[in-house]
Structure formats: C-alpha cells, structure tokens
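Undergrad: sequence and computational prediction follow.
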Amino acid sequence: MMKYRFLLLLIMALFQFSTGLSQIKVEREHRIKKNQFPEAAHDFIKVKLQNAKKLRFYKETDTSKISYEAKFKKDKLYYSIEFDESGKLEVIEILIKEVDVPEDSWSKITKFLNEKFNKFKIRKIQQQYPIASDQNVETTLNNAFQNLLIPSLNYELLVRGKIHDEHADYEILFGAEGDFIKMRESLPANYDHVLY
C-alpha cells in the first residue's frame, strides 16, 4: 500500500511540474523606434491609419516567436495591431471594459473565472479581431474599426488570480460567446529599465 501511495504522489508531482512549465508565457515587450519596425508593417500603417493619434511601436519577444505591435488611439478607442517578423498582419485588438462585452458572453466568462480562481482581479480586457484565413485584411480592419461584434472575435483578459494559495498573472482567451479557449500564466512586467 505504501509503495502505491509513493508512486501515485510521484506521478502527480511530475504531472503538475510538466503542465506548469508548458503554460507559462515568457513574453517581454519594449518600445522601439519607427525605423526598427518592419518596413511592410510600417507601410501598411501609413496607408490604413490616417487619423491615428499617439502612435507608438513595440517589439514583443515570446518563447516561440517575435512580433511587432503598433499601439494608437483612433475615434476615442485604444487599438493595437500585431504583425509578425515579416510585417504580415496577425491580429487587431481594442481595449474595452466589461460593459462592452455582451451580457450572455460576460456571464460565461465570469462563471469560468469564479470556478477557476479563489480570488481574482481583471487588469485588462481586449477585444481581438484575428485575421481569419477566409477573410481578407480589409474586412478584418473594417470590422475592428467599426467595433463590430462578430462571431470570429475573441476576448483576451489579463487577470491577477489566486489558485489555492498562489497568486499569479494569467492571460485568458475566450470566444465571442464567452467560451473558454486557452489560458496561460504570464510573467510579471519587465522592470529592467528601472534604476535604483
């Protein structure tokens, strides 16, 4: 009996260790100059974003890829457009509040959060318009700038949550109907630039 208990504990520990490693998002974002942004992405922005204000450029380094992001304000909304290394558009995001999410979707999202976490705080909500393979870029861009609630959009939440006795930051993705898609732990913000 003792032998099986030890074996069971060992298997559980290894399972927890392996799933914990695979779900941590090691991502760092830092501001870059306009000339460090991919040329194709910069040309796209110059043509498509005529009335954008507060335009800033960022480079995002992840464990699996490098991407570039342009953040700006347009029509009183805060947008970010993400590109891959070659300058190809990947996703458009809008910073929103919980009142902007349809009530049915929001109730599913909050139900998931209440079941998953002992305690949580939502830090940021973004409405995502991913570039679908069956849509062209123009359609996705128009949908995002009109802030349309379409079935292909996603909601990305940045949450500070407590599971058991551990606090951590999480990035959680939900579909348009509030259905859970994926969750991964993210590292806290990079404060390497702060000098003491």
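TA: On my side now, so go ahead.

Undergrad: bridged to the residue positioned nearest the centre of the chain, which residues?
TA: Per Cα atoms, centre = their mean, the C-alpha nearest to the average position across the chain is that of Glu156, at 5.1 Å. Counting by DSSP bridges, Glu156 forms beta bridges with Gln126, Leu173.

Undergrad: quick one: the strands in the chain?
TA: Listed in chain order, the strands of the chain (DSSP state E) span residues 24-25, 28-32, 53-61, 66-74, 77-83, 89-96, 119-130, 154-163, 166-175, 180-186.

Undergrad: where are the low-confidence patches of the chain?
TA: Filtered on pLDDT under 70, the chain yields the residue ranges 1-27, 187-196.

Undergrad: so Ile163 sits against Glu115, correct?
TA: No: Ile163 lies out of contact with Glu115 (Cβ atoms under 8 Å); the separation is 11.0 Å. To be clear about C-beta, it is placed using only N, CA and C from the backbone, and glycine gets the same treatment.

Undergrad: comparing the two, which residue is more hemmed in?
TA: Neighbours were counted for Ile163 and for Glu115 using other Cβ atoms under 10 Å; Ile163 has more, 14 against 7.

Undergrad: OK, contacts around the nearest residue to the more buried one once chain neighbours are set aside?
TA: Nearest non-adjacent residue to Ile163, counting by Cβ to Cβ, 6 or more residues apart in numbering: Phe117, 6.0 Å away. Contact analysis of Phe117 by Cβ atoms under 8 Å, 6 or more residues apart in numbering lists 159, 161-163.

Undergrad: for Ile163, same thing?
TA: Contact analysis of Ile163 by Cβ under 8 Å, 6+ apart lists 116-118.

Undergrad: cool, Phe174 as well?
TA: By Cβ under 8 Å, 6+ apart, Phe174 lies in contact with 105, 108-109, 112, 154-157, 180-181.

Undergrad: run the last query once more with 7 Å
TA: Neighbouring residues of Phe174 by Cβ atoms under 7 Å, 6 or more residues apart in numbering: 109, 154-155, 180-181.

Undergrad: same thing with Lys108?
TA: Counting by Cβ under 7 Å, 6+ apart, the residues that Lys108 touches are 177-179.

Undergrad: equivalent analysis for Arg123, please.
TA: 158-160.

Undergrad: ok, it to Ile172 distance?
TA: Noted for Arg123: a distance of 11 Å to Ile172, by Cβ to Cβ, to the nearest Å.

Undergrad: intersection of neighbour lists for the two?
TA: Shared contacts of Arg123 and Ile172, defined by Cβ under 7 Å, 6+ apart, comprise Val159.

Undergrad: count the neighbours of the nearest residue to Lys121 once chain neighbours are set aside for me.
TA: Spatial nearest neighbour of Lys121, chain neighbours left out: Arg160 (4.8 Å); criterion: Cβ to Cβ, 6+ apart. When counting by other Cβ under 10 Å, one arrives at 15 neighbours for Arg160.

Undergrad: Arg160 contacts Lys119, correct?
TA: No: between Arg160 and Lys119 there is no contact under Cβ atoms under 7 Å: 9.0 Å.
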